[in-house]
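Q: just the structure for this:
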Amino acid sequence: MNGSKAFRRPVSTTERMYFPMRELAPPFLMQLVVPGSGNIAPEALRQAVIMAADATPGARLRRHGAEWIDSGIAPAVRVVDGHRLSYPALEADPVLTSGIGPTPDATVEVLLLTGAPTTLIFRVFHGVMDGIGMVAWVTNVLRALRGEDPVPQPDPVADQELVAKVGAPGRPTPMIPRYRSAVGRGRQHRDLAPHLLRHRRIEAAGPGALARVCALLAAETPGTSRIMMPVDLRRHDPTLRSTANLALPLFLDIEPGRDWTAIKDQIKTGLRERRELNQLASTRITLVPDPVNRGVLRTTNWLGARLGRNLASATVSHMGRFTAEDLAVPGFRPTGLFVLPQHSVAMPLLFGLTEFDGHTDLTVSARNGAGIEARLEALLDRIVAMLELAG
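A: Sure, this is the predicted structure:
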């Protein structure tokens, strides 16, 4: 790393709120999982990670005060011999719940699980990347494994700089904790895992999966639901090549019984009006000292768990469509791809959707509490049945 010439960018206000989450909802990582048939040589993976990181400096960031700076150190590759993910209770898996390494200031890590099926797991602290940025990073590693040149991601731009450039059309949606959850509320105590982490594979990939999930969640929730849908801000500057946090939420207020097609139209209207750009202003609360930020988040968690009053009913993200043909590398052919969301004390449910070769992967992180697990499993059963029928 060479002083002022190093890749660097400010820590945005959005990213500031993620630092306390590492203490309150550990390990607070997005984890992109790629199971497959065949094998990957650990040394070949390490060399691919080094090559991909050279083109993706956002994968090598360390925090220095108010800035992210490229450390010049490629993410660690950790081989976990013989390990298989602990389905269905992924929140208890010792690998998925472990801290990122090799040092506490690391922000990205790659795991290679050698138990059948061979599985790659890309682990990312949300403070340095959003979901689309993580996908770009993963794609670059796979390109390097194929002997192809990674796609450079040289722009040190996150949400604050981009919104300042393109402008916000209006005011942010007020954040008031009054929204219920489709799994209800449940008192937390030490005998329960603080969060649940679950995955379902759906043998269909029909149209409108995100809108359909939103409609079902609203149907299962008393009163109006507020669904948070992250929107990729890169759509406002297609030339931008950055893996930074470039997502802001589009809030969808949905009453029970609204058809999924109406929700799809609601999404289109929000995107056309660029409403997600307004939400950067609501992140200014993070400019308070970190201890105050932690206190606000603890209170938010208590209101949701004990009183069922949440800032939003759920987050629902669609991370894209993928094929084995596009992702295969010599000796290893993916059989799926899914994203395990980070845990959150500020949100009761975080859903992730991906499509892969005609099937859909559904994942969820849920704030746990008395009675929540059974209600979550029943809710997932209904979502799976709905999407299979629609497909």
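
Q: what does the lowest-mean-pLDDT helix or strand in the chain rub up against?
A: Ranked by mean pLDDT, DSSP states H and E, the weakest helix or strand in the chain is helix 290-307, scoring a mean of 88. The set of residues external to helix 290-307 that reach it, using CB atoms under 8 Å, 6 or more residues apart in numbering, is 16-17, 19-21, 23-24, 177, 181, 185-188, 285-286, 288, 309-311, 345-348, 367, 369. Quick note: C-beta positions are derived from backbone N, CA and C, even for glycine.

Q: residue contacts, the nearest residue to residue 370 once chain neighbours are set aside?
A: Sequence neighbours aside, residue 186 is the residue nearest to residue 370 in space, at 4.1 Å (criterion: CB to CB, 6 or more residues apart in numbering). Counting by CB under 8 Å, 6+ apart, residue 186 touches 305, 368-372.

Q: just say helix, strand or coil for residue 186.
A: coil (DSSP: H, G, I helix; E, B strand; the rest coil).

Q: so for it, what's the pLDDT?
A: With respect to pLDDT, residue 186 has a value of 94.

Q: same check, this time on the one 4 residues further on
A: As predicted, residue 190 sits at a pLDDT of 88.

Q: that one: neighbour count?
A: By other CB atoms under 10 Å, 5 other residues sit near residue 190.

Q: quick one, phi/psi of it?
A: phi -60, psi -20 (degrees, to the nearest 10).

Q: any idea how far it lies from residue 15?
A: 31 Å (CB to CB, to the nearest Å).

Q: equivalent analysis for residue 359, please.
A: 33 Å.

Q: same deal with residue 333?
A: In terms of CB to CB, residue 333 sits 35 Å off from residue 15.

Q: try residue 59
A: 15 Å.

Q: strands of the stretch 51-200 of the chain, start to end?
A: Here the stretch 51-200 of the chain has its strands, by DSSP state E, counting those that start in this stretch, at 61-64, 67-70, 76-80, 108-113, 118-125, 195-202.

Q: would you map the helices across the protein?
A: Listed in chain order, the helices of the chain (DSSP state H) span residues 13-16, 21-24, 42-55, 131-145, 159-166, 209-219, 260-272, 290-307, 324-327, 372-390.

Q: switch those helices over to a markdown table; also include distance to residue 92 and mean neighbour count.
A: Output for the helices of the chain, formatted as a markdown table (distance: least, CB to CB, whole Å; neighbours: other CB atoms under 10 Å):
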| stretch | distance to residue 92 | mean neighbour count |
| --- | --- | --- |
| helix 13-16 | 29 | 21 |
| helix 21-24 | 19 | 18 |
| helix 42-55 | 26 | 19 |
| helix 131-145 | 24 | 23 |
| helix 159-166 | 34 | 17 |
| helix 209-219 | 25 | 22 |
| helix 260-272 | 33 | 15 |
| helix 290-307 | 20 | 16 |
| helix 324-327 | 28 | 14 |
| helix 372-390 | 12 | 17 |
